[in-house]
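Q: The sequence and its predicted three-dimensional model are supplied below.
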Amino acid sequence: MLIEILVVLAIVVVVLLMVATRQSDYFRVERSISISASPAVAFAQVNDFRKWGAWNPWAKMDPAMKETYDGAPSGVGANYSWSGNKNVGRGRMTVTDSRPVEWIRIKLEFLKPFAATNTAEFTFKPNGNQTIVTWSMFGKSNLICRLMGLFLSMDKMVGTQFEKGLADLKAASEAAP
């Protein structure tokens, strides 16, 4: 009986690995929102990590999270590190490219609960008296991420947080002078 259980378990593991290896090596999560503010106002909220407290959805998951800022005060070279509870983990973000009122690219390094390096981007597109802000994250999926993706949707998990953050970014931008 034990042999049969082990054989079935081994078959299940092999099938899961086969399915996972056929998943894409890359992922992308993206959400957008229309904000009643100029691209410059929305851009300023994102380009300075010190302003993220007003809209960062992960900061709200752990109000006791430790945050540090170094490098440039905003734009290219600005750094933000965090260390928090199991919901937010530990990591670091660095602005690697910043084109005023157009887009911001960020190197996103997760250290805990698992190590990963991805890219986050924000784009700011004028649309009449509105700005369409798009927040995306993309990167390479290792085998563990692809296995997890069989049971958990990264698009839903991260996308839901992006939606909350963008709603708060909208509120902060529309309230800005």
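A: Sure thing, it's come through. Numbering: from 1, shown residues only.

Q: helices and strands of the chain: which one bottoms out on pLDDT?
A: helix 143-149 (a mean of 62; mean pLDDT, DSSP states H and E).

Q: any idea which helix or strand comes after it?
A: Sequence order places helix 154-175 as the next helix or strand after helix 143-149, per DSSP states H and E.

Q: tell me which residues of that next one are tucked away?
A: By 16 or more other C-beta atoms under 10 Å, the buried positions in helix 154-175 come out as Val158, Gly159, Gln161, Phe162, Lys164, Gly165, Leu166, Asp168, Leu169, Lys170, Ala172, Ser173. (C-beta placed from N, C-alpha, C; glycine too.)

Q: quick one: the helices in the chain?
A: Counting by DSSP state H, the chain has helices at residues 2-21, 39-47, 57-61, 143-149, 154-175.

Q: By mean pLDDT, show me the worst of those.
A: Among these, helix 143-149 carries the lowest mean pLDDT, a mean of 62.

Q: Closest to the centroid, which residue in this protein?
A: Central residue of the chain (C-alpha atoms, centre = their mean): Met137, 5.2 Å from the mean position.

Q: Do me a favour and get the end-to-end distance for stretch 60-74?
A: 22 Å (C-alpha to C-alpha, to the nearest Å).

Q: If we go by neighbour counts, what in that stretch is buried?
A: For stretch 60-74, a neighbour-count test (16+ other C-beta under 10 Å) marks Lys60, Asp62, Met65, Ser74 as buried.

Q: Then stretch 98-116?
A: For stretch 98-116, by 16+ other C-beta under 10 Å, it's Ser98, Val101, Trp103, Ile104, Arg105, Ile106, Leu108, Phe110.
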